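**Student:** Structure, please.
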Amino acid sequence: MKTTIDQSDFIAAFRAFDRYDQFGYKALCILFDYLEDLEGDTGEDLELDVIALCCDYSVDSWEDIAQERGIDLTDCEDDVERMAAVVDYLNEHTRVCGTFDSNIVYCSAF
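**Tutor:** A predicted model of the protein is given here:
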């Protein structure tokens, strides 16, 4: 038996598990859209497992990711180029779900 959920249900599930603050509204919307697209691309329904998603996905600023991963940004002229370089790095090593402001939502299980 399956239940289809919408974006509101998805966000409510994170609130119910007290995990909303790990992502925030914008990041959860991006993650939801990404997972819906993934279902469409693979033809497989995903099961909502809030804890597993919290373990496998993250939202961080490009600055924090660059520092944590030791990404060289010396050739970048501005923050737009720096963020693009971090997104490119992540796309080479994992999956990027989307970006907002100076943050990147990505699969951190790599």
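**Student:** Can you tell me the closest non-neighbouring residue to Ala13?
**Tutor:** Val50 (5.4 Å; Cβ to Cβ, 6 or more residues apart in numbering). For the C-beta atoms, the positions are set from N, CA and C on the backbone; glycine is no exception.
**Student:** make that Ile11, sorry
**Tutor:** Leu28 (5.1 Å).
**Student:** how near is the residue nearest to Ala13 to Tyr57?
**Tutor:** As judged by Cβ to Cβ, to the nearest Å, Val50 and Tyr57 stand 11 Å apart.
**Student:** what do you get for Glu92?
**Tutor:** 18 Å.
**Student:** So those two - more neighbours on which side?
**Tutor:** Per other Cβ atoms under 10 Å, whichever of Glu92 and Tyr57 has more neighbours is Tyr57, with 23 against 7.
**Student:** contacting residues for that one?
**Tutor:** 23, 31, 97, 105-109 (Cβ atoms under 8 Å, 6 or more residues apart in numbering).
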